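1. Provided below are the primary sequence and the corresponding predicted coordinates.
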Amino acid sequence: MGLTRQSELPSDFPKTFSATRRKATSEGRTLTSLIEDGLRLIVTENKKGTKGKHVLPRISKATGGPLPGIELTDLSTLREIDDLDYIRRMHRPGPPPTEPRGRTALSEVSR
C-alpha cells in the first residue's frame, strides 16, 4: 500500500526523513524500530487522553422566565415562535420576511 504520487508527501518530508535517519543512527537503532516506537507513543498518548478528568457543563444562574404572553404549555405557539426565530436568523438582506397568514399567536407577544 504505497503512495502513488510524490505530491502526496509533505514538502518538508525529505528534511524530516533525513533527521529521523540521523537520530536512529546516533542511537544505534534501525529506522524501522525508531518509527515503531514513535507510533507506539502516539497510540499510547491517545488512549491516555481519553481517560481524563470529567468536566461538568456550566450551569446557568439566570433568573426570570418566558416573555410575557408566552405560555409554556402551548406547544404549537412555542413551535411557531421557534420557527419564526429561525427564519429571522437565516434571513439574508433583501425584502423583509412576511409572516405566514392565519397565524396570530405571536401578535400578542411583545418582541
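-> On my side now, so go ahead.

2. And the helices in the chain?
-> With DSSP state H, the ranges of helices along the chain come out as 13-26, 31-50, 75-90.

3. I'd like these laid out as a markdown table, including mean neighbour count, distance to Lys61 and mean pLDDT.
-> C-beta coordinates here come from the backbone N, C-alpha and C atoms, glycine included. Putting those into a markdown table (neighbours: other C-beta atoms under 10 Å; distance: least, C-beta to C-beta, whole Å; pLDDT from 0 to 100) gives the following:
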| stretch | mean neighbour count | distance to Lys61 | mean pLDDT |
| --- | --- | --- | --- |
| helix 13-26 | 12 | 50 | 88 |
| helix 31-50 | 10 | 31 | 80 |
| helix 75-90 | 12 | 24 | 86 |
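
4. Distance to Pro57 added to the ones you listed, as TSV?
-> Below are these laid out as TSV (distance: least, C-beta to C-beta, whole Å):
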stretch	distance to Pro57
helix 13-26	40
helix 31-50	18
helix 75-90	22
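
5. out of these, which comes closest to Ile59?
-> helix 75-90 (22.8 Å; C-beta to C-beta).

6. As CSV, could you dump the C-alpha coordinates of the closest one?
-> Extracted C-alpha coordinates of helix 75-90, given in CSV (Å, rounded to 0.1, in the frame of the first residue of the first chain):
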residue,chain,number,x,y,z
LEU,A,75,-46.6,23.7,22.2
SER,A,76,-48.0,24.9,18.9
THR,A,77,-47.2,28.5,19.9
LEU,A,78,-43.7,27.5,21.1
ARG,A,79,-43.1,25.8,17.8
GLU,A,80,-44.3,28.9,15.9
ILE,A,81,-42.0,31.2,17.9
ASP,A,82,-39.1,28.8,17.3
ASP,A,83,-39.8,28.7,13.5
LEU,A,84,-40.1,32.4,13.2
ASP,A,85,-36.9,33.0,15.2
TYR,A,86,-35.2,30.5,12.9
ILE,A,87,-36.5,32.4,9.8
ARG,A,88,-35.3,35.7,11.2
ARG,A,89,-31.8,34.3,11.9
MET,A,90,-31.5,32.7,8.5
